[in-house]
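*Asks:* here you go, sequence then predicted model.
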Amino acid sequence: MDEFIVKNGKRLRMGYTTGSCAAAAAKAAAWMLLTGKRQEQIALLTPKGISLQLPVLEIRMDETQVACAIEKDGGDDPDVTKGTLIFATVTKTDHPGICIDGGQGIGRVTKRGLDQPMGNAAINSVPRQMIRENVEEICRLTDYHGGLSVIISAPEGERLARKTFNPRLGITGGISILGTTGIVEPMSEKALIDTIRVELRQRKESGADYVLLTPGNYGADFTRLRMGIDGGTAVQVSNFIGDGLDLCNDLGFKGALLIGHIGKLVKIAGGMLNTHSKYGDCRMEILAAHAGAAGVPADKIRELLTCVTCDDALRILAEAGLYEETLLRVTQCVGRHLQHRGGDQLQTGAILFSKEYGIVGKTPDADELLNNILEG
């Protein structure tokens with residue numbers, strides 16, 4: 001693709017989704033099957049309104065079916081499926097209509113709450129619509145009124161899926177065919193938030209009213225190794241703490257408990273509900289402010305401000321004899337910001353930990369929320 005966007009001052013090339021690949025491959029295969037003519041390039045109009053001209057690869061033709069592939073190009077987005085081949089095999093059938101299914105390397109849905117029902121191939125709704133509409137277009141152009149079977153496959157899909165969220169979400173055996181616009185925007189925060197929404201919706205539809213959130217692997221590992229909680233219990237929200245709470249509200253959860261390392265969660269005490277470092281690193285300033293309010297002497301405050309890690313800052317607080325008072329203030333502030341974002345309908349709480357010091361703070365509702373989560 002030759003379409004670009006600018007993010008953080010960088011010019012980044014856009015790409016196209018696995019959904020676009022599947023639709024283009026299906027369109028090309030249908031054309032070759034119904035006309036008997038080889039097609040080396042195919043045009044596709046994406047839902048975003050961007051037109052693609054895509055090379056058609058690995059063409060295999062006979063009288064009853066055609067298979068071909070489109071290579072996934074994610075542009076400058078570091079997606080694990082970049083460069084993989086997405087195949088479509090189109091076959092004439094005796095049944096009217098277009099039947100779409102997944103073959104080798106395409107995952108199967110095994111849990112409720114995803115875009116597709118349990119048992120279906122993990123080809124999401126928009127890609128399915130794209131496939132159907134493009135194949136129907138070819139049927140109209142060739143005056144074909146019979147049925148067609150469209151099987152989407154990805155020979156590398158099972159291996160690639162191990163690097164995605166699919167195993168965690170309950171999609172087994174391969175990758176998903178995704179995309180709502182047909183276009184990949186590099187480093188898309190929306191894509192990450194959409195993934196969080198899927199996992200939260202899945203928990204809600206399985207009957208959960210309370211949910212455990214962690215920013216990432218540190219939180220998940222701590223809950224598993226130090227608290228004895230199954231690592232799969234938590235939903236990882238990355239840096240999107242505020243968006244995660246918004247999603248919990250939207251989906252009708254009663255409560256959400258956030259467990260994370262103090263180095264991440266201390267930012268919330270400063271009102272940062274997106275904790276990515278590109279938005280700021282105010283960890284030591286926040287700790288120093290609360291330490292000063294707790295009575296830590298000025299020389300120790302100056303030392304705090306030179307710390308690189310929160311664990312080192314906790315050591316200084318312990319030496320000053322005001323460790324508990326400072327962390328109580330920080331934890332209370334974290335709790336207030338979480339509750340403000342959660343609103344009246346969502347009970348919120350947090351547990352802050354350090355790899356060296358263990359649990360260093362709990363908001364008042366934390367234990368109650370944790371019990372509700374584990375009992376649910």
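*Replies:* Structure received. Keep in mind it's a predicted model, so treat the numbers as computed, not measured. Numbering: from 1, shown residues only.

*Asks:* helix, strand or coil for Ala291?
*Replies:* helix (DSSP: H, G, I helix; E, B strand; the rest coil).

*Asks:* residue contacts, it?
*Replies:* Contacts for Ala291 (CB atoms under 8 Å, 6 or more residues apart in numbering) come out as 300-301, 304, 317, 320, 322, 326. Using the backbone N, CA and C atoms, a C-beta is placed for each residue, glycine as well.

*Asks:* against Glu324, how distant is it?
*Replies:* 12 Å (CB to CB, to the nearest Å).

*Asks:* low pLDDT regions in the chain?
*Replies:* Counting by pLDDT under 70, the chain contains low-confidence residues at 1, 6-9, 187-188.

*Asks:* name the nearest residue to the most centrally placed residue in it, sequence neighbours excluded.
*Replies:* Geometric centre of the chain, nearest residue: Thr195, 2.9 Å, by CA atoms, centre = their mean. Using CB to CB, 6 or more residues apart in numbering and skipping residues adjacent in sequence, the residue nearest Thr195 is Phe165, 5.7 Å away.

*Asks:* burial count for that neighbour?
*Replies:* 15 (other CB atoms under 10 Å).

*Asks:* can you check Tyr323 too?
*Replies:* 19.

*Asks:* tell me who's in contact with it.
*Replies:* By CB under 8 Å, 6+ apart, the neighbours of Tyr323 are 314, 317.

*Asks:* just Gln41 next, same as before
*Replies:* Gln41 touches 53-56, counting by CB under 8 Å, 6+ apart.

*Asks:* what segments of the stretch 1-150 of the chain are helices?
*Replies:* 18-35, 125-142 (DSSP state H, counting those that start in this stretch).

*Asks:* could those helices go into JSON lines alongside mean neighbour count?
*Replies:* Shown next, in JSON lines, are those (neighbours: other CB atoms under 10 Å):
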{"stretch": "helix 18-35", "mean neighbour count": "28"}
{"stretch": "helix 125-142", "mean neighbour count": "18"}
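
*Asks:* I'd like the ones you listed as a markdown table, with distance to Glu158 appended.
*Replies:* Formatted as a markdown table, those follow (distance: least, CB to CB, whole Å):
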| stretch | distance to Glu158 |
| --- | --- |
| helix 18-35 | 14 |
| helix 125-142 | 19 |
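
*Asks:* what's the closest of those to Met118?
*Replies:* helix 125-142 (15.2 Å; CB to CB).

*Asks:* among the contacts of Ala291, who's most crowded?
*Replies:* That'd be Thr326 among those, by other CB under 10 Å, with 28 neighbours.

*Asks:* coming back round to it: are any of the contacts of Gln41 buried, and if so which?
*Replies:* For these, a burial check counting by 16 or more other CB atoms under 10 Å picks out 54, 56.

*Asks:* between the contacts of Gln41, which is nearest Val266?
*Replies:* Leu54 (47.5 Å).

*Asks:* identify the bridge partners of the closest one.
*Replies:* Ile42 (DSSP bridges).

*Asks:* dump the residue contacts of the nearest residue to Gly174 once chain neighbours are set aside.
*Replies:* Residue nearest to Gly174 in three dimensions, not counting chain neighbours: Gly157, with 3.6 Å by CB to CB, 6+ apart. Each residue near Gly157 by CB under 8 Å, 6+ apart is listed here: 84, 104-107, 173-175.

*Asks:* returning to what we had before: tell me the phi and psi of the residue nearest to Thr195?
*Replies:* For Phe165, the backbone dihedrals (degrees, to the nearest 10) come out as phi -80, psi -10.

*Asks:* please report how far it lies from Leu192.
*Replies:* If you go by CB to CB, the gap between Phe165 and Leu192 works out to 10 Å.

*Asks:* measure the closest residue to Leu212 other than its chain neighbours to Leu258 for me?
*Replies:* Closest residue to Leu212 apart from its sequence neighbours, by CB to CB, 6+ apart: Ala234 at 4.4 Å. Look at Ala234 and Leu258: by CB to CB, they are 10 Å apart.

*Asks:* ok, the two, which is more surrounded?
*Replies:* The neighbour count for Ala234 versus Leu258, taken as other CB under 10 Å, is higher for Leu258 (29 against 25).

*Asks:* doesn't the more buried one fall inside a strand?
*Replies:* Yes: counting by three-state DSSP, Leu258 is located in a strand.

*Asks:* quick revisit: how close does the residue nearest to the centre of the chain sit to Val235?
*Replies:* 10 Å.

*Asks:* what does Met284 give?
*Replies:* Counting by CB to CB - Met284 and Val235 are separated by 29 Å.

*Asks:* who has more neighbours out of those two?
*Replies:* More neighbours surround Val235 than the other of Met284 and Val235, with 23 against 20 (other CB under 10 Å).
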